[in-house]
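Enquirer: Predicted structure and sequence below. I'll ask about it afterward.
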Amino acid sequence: MAGCRIQQHQEKQNNQELYQYLGAQEWVEIATDITISLNPLEIMLEDAQKAISDGMDILKIKLGEDISHAIEVTKQLSKKFPNATLLIDANQAWSVQESLDYIKSIETIAGMRVALIEQ
């Protein structure tokens with residue numbers, strides 16, 4: 001919110017966009033993600049649908065200890081939103097073996113776009 005106020009103030013005071021005030025020569029769009037919180041599968045799919053409908057295409061997916069749930073969420077998101085990039089966040093819930101099992105299970109998902117797996 002404060003960033004928006006600063007931008008509005010600079011535009012009014014200097015008759016220029018914030019990026020110009022900061023010295024950039026041109027506007028560059030930066031892609032960011034939106035977090036899909038750990039929930040039952042149906043809720044995660046609904047949250048992802050809302051995010052996609054709002055124009056987001058990079059989804060940070062919070063997953064937990066249940067590897068079967070994690071695999072199913074990844075499969076369903078990949079199937080339903082083939083153009084979305086998924087960033088998987090296991091929240092430090094998986095062992096090394098569970099992480100390897102997860103990776104092996106999702107490798108066969110057609111069109112899967114997992115860009116990273118963290119923690």
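Expert: Great, that's in hand.
Enquirer: what's the burial count for the residue lying closest to N14 once chain neighbours are set aside?
Expert: Residue nearest to N14 in three dimensions, not counting chain neighbours: Y21, with 5.8 Å by C-beta to C-beta, 6 or more residues apart in numbering. For the C-beta atoms, the positions are set from N, CA and C on the backbone; glycine is no exception. By other C-beta atoms under 10 Å, the residues close to Y21 number 15.
Enquirer: Okay, Y21 and V28: tell me how far apart.
Expert: 15 Å (C-beta to C-beta, to the nearest Å).
Enquirer: which helices and strands sit right next to the helix or strand hosting S68?
Expert: Element membership for S68 (DSSP states H and E) is helix 67-80. Secondary-structure packing of helix 67-80 (3 or more C-beta pairs under 8 Å, 6 or more residues apart in numbering; DSSP states H and E): helix 41-53, strand 58-62, strand 85-89, helix 96-106.
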